[in-house]
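Peer 1: After the sequence you'll find the predicted model.
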Amino acid sequence: MPLLALLDAQLSYGDFPLLDRAAFSMDSGERIGLIGRNGTGKSSLLAVITGKATLDDGELRKSESLRLSSVEQEPKLPHAPTLRASLLLRGHIPSIHDERERWQVEARLTEFLHRFGLDEGLSPEAASGGEGKRAALALAFALQPDLLLLDEPTNHLDISGIEQLETLLLRQQAAIVVTHDRAFLDRVCTRILELDRGMLRSYPGNYSAYEGVKANELAAEAAAQRKFDKFWAEEEVWIRKGVEARRTRNEGRLLRLERLREERASRRERFGSVKLSLAAGQRSGKLVAELKEVSKGFAGRPIVKDLNLLISRGDRLGLIGANGAGKTTLIKLILGTLQPDSGSVRLGTNVQPAYFDQMREALDPEKTVAETISPGSDWVELSGGRKHVMSYLGDFLFPPRRAQSPVRMLSGGERNRLLLARLFAKPANVLVLDEPTNDLDIESLELLEAALQDYDGTLLLVSHDRAFLDNVVTQTLAAEGGGLWKEYVGGYSDWVRQRPALVTEEKAASKAAVRAKERVKLSYKEARALESLPGEIEALEAEQQALAKKMTAPEYFRQPPQALRADQKRSGEIETLLMDKLERWEALEAKGKAAAS
């Protein structure tokens, strides 16, 4: 029996149908990526599954005693003296009657708080957005649900936090995840479920497999609609012919035309796309910014230490680092809006920056959408000429009725689009984007990528979206701890390939204390395992690559459903086995080196 099944579901928001006779079912062992444009109803669907919302019509079936755990986009932590106490209340853990079970859940909560790098004694009121998200995730995993529901879990997480979440999810029995992180979808998901115009469409495999199939589907849909519209137009011409033609009318053809009109009227068109274009304006000088021996710290903690950095016109620099590493501080140092404690910052000539703030502080919550874009005027002055504010807002998917809404009434995705609209309305030869991908759907992300790829100016980008970094930047500045920053050629994947020496150094330093305390020899069984593990890992990786190639082949999806499910199950098993064997190998190797030293 499936874990859950949605049958003929209907759900509307006002006159807008979010679910229109939608249906899907889910088995244990599946990790589903739920995708779709902003506002299509993904969060509402999760609310239906958790019981926080009810369907207008249709049915939701769940297996008996199904244990659910969910993490919303912006988790709310109950008031309590400590983070741990708050999570105990949020998870209703004190109400567990079985003392042994309650103790086990509390022990797991402590474990997962440590895995996510959280201080359980922290006040929940003092927790940042990222800390609150990690705390809610720690609780969700500690509860060991049969089905885990995550709504935009990567928002506010840094790259290490995202990778930790991916590792834990690969061991989860079943999950439905709403996310725009394409790298995350590729690594974690066994199936993509797309919510599009009220319908749920299922695609086996990860996001890369979905992309190939979806492109063909959209092309076929467009061709079918063009054929339909042509036939409909011909029938409309026929009905309007003169008297002679009317004598030859037949009732069947009239009824067919009526059905065509009804079908055309009921067709739900795909949502419009954001129209992005960037103007670099007047060129800056060849030098944009030069930092020499720059240092900056707060409360005795170094954020930037002895940094030398040269940014030239046309550079596309991505900043990578953990939350709190100082990426935003470094951006302000580069722009000259924050003075260093020591060293010098020199800005080039004719530098015209435009800044996208991750906290959206640049938006006045009491102003209307139209006032935010064009205060005191109905026109927006663009590099290509004037454009009416309503038309310009339409390019960013704001209908005319939304133009007079105050900013405080907008969703996170709408605020993001509004800030982009204002940013792109004025020429800038230095574009600074601090976490621009949060709250954007995948289609808008890809359009933003395309606009940035065509941008002629200089780009400074802070992002935890690995695919976005790979597709946009040409060089990376990475935080390496203690205020040290190092520059690498390429995007995120290039940085990963270039940093093995750094990783080795960090591991050696972190294990120095362990080696000093543990002078224990490997047992015979452990020594044999250490010898065999590399070969076992290599074999699993080869099987994983062969299976991935098989699952992305053009004819793959014509196989029987049971064969597809078997491949999906094996793909998840391989990933789990790999993680376990890699961790075991690393632990044994460290123990062996400690014994030899």
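Peer 2: It's in.
Peer 1: distance of the closest residue to D364 other than its chain neighbours from E366?
Peer 2: Spatial nearest neighbour of D364, excluding adjacent residues (C-beta to C-beta, 6 or more residues apart in numbering): V407 at 6.3 Å. For every residue, glycine as well, the C-beta is placed using N, CA and C. Counting by C-beta to C-beta, to the nearest Å, the separation of V407 from E366 is 7 Å.
Peer 1: okay, these two: which has more neighbours?
Peer 2: Remark: of V407 and E366, V407 carries more neighbours, 19 against 9, as counted by other C-beta atoms under 10 Å.
Peer 1: residues contacting the more buried one?
Peer 2: 363-369, 372, 415, 418 (C-beta atoms under 8 Å, 6 or more residues apart in numbering).
Peer 1: For the stretch 451-597 of the chain, give me the ranges with low pLDDT.
Peer 2: Within the stretch 451-597 of the chain, the segments meeting pLDDT under 70 span 500-521, 593-597.
Peer 1: same question, the chain
Peer 2: In the predicted model of the chain, residues 1, 15, 218, 228, 231-232, 234-282, 357-362, 383-384, 500-521, 593-597 satisfy pLDDT under 70.
Peer 1: all helices for the stretch 151-300 of the chain, in order.
Peer 2: According to DSSP state H, counting those that start in this stretch, the stretch 151-300 of the chain carries its helices in the segments 159-169, 182-188, 207-239, 243-247, 251-266.
Peer 1: typo on my end, the stretch 401-550 of the chain
Peer 2: In the stretch 401-550 of the chain, the helices defined using DSSP H, counting those that start in this stretch lie at 412-424, 442-454, 466-472, 492-498, 500-510, 512-517, 524-551.
Peer 1: most tightly surrounded among those helices?
Peer 2: The highest average neighbour count among the helices of the stretch 401-550 of the chain, using mean count of other C-beta atoms under 10 Å, belongs to helix 466-472 at a mean of 23.
Peer 1: quick one: the residue nearest to D364 and R187, what's the gap?
Peer 2: In terms of C-beta to C-beta, V407 sits 36 Å off from R187.
Peer 1: the longest helix in the chain is where?
Peer 2: Using DSSP state H, we find that the single longest helix of the chain is helix 561-596.
Peer 1: which other helices and strands contact that one?
Peer 2: Applying 3 or more C-beta pairs under 8 Å, 6 or more residues apart in numbering; DSSP states H and E, we find helix 561-596 packed against helix 512-517, helix 524-551.
Peer 1: Tell me which of these lies nearest to V71.
Peer 2: helix 524-551 (28.3 Å; C-beta to C-beta).
Peer 1: helices and strands around the closest one, which ones?
Peer 2: Using 3+ C-beta pairs under 8 Å, 6+ apart, helix 524-551 is in contact with helix 561-596.
Peer 1: Closest to the centroid, which residue in the protein?
Peer 2: D181 (2.8 Å; C-alpha atoms, centre = their mean).
Peer 1: so that one sits right up against T154, yeah?
Peer 2: Yes. If you go by C-beta atoms under 8 Å, D181 and T154 touch, sitting 4.6 Å apart.
Peer 1: Mind listing the shared neighbours of the two?
Peer 2: With C-beta under 8 Å, 6+ apart, D181 and T154 have common neighbours 162, 465.
Peer 1: got a list of what L433 touches?
Peer 2: Taking C-beta under 8 Å, 6+ apart, one finds 356, 459-463 in contact with L433.
Peer 1: cool, and Q475?
Peer 2: Under the criterion of C-beta under 8 Å, 6+ apart, the neighbours of Q475 are 315-318, 487-490.
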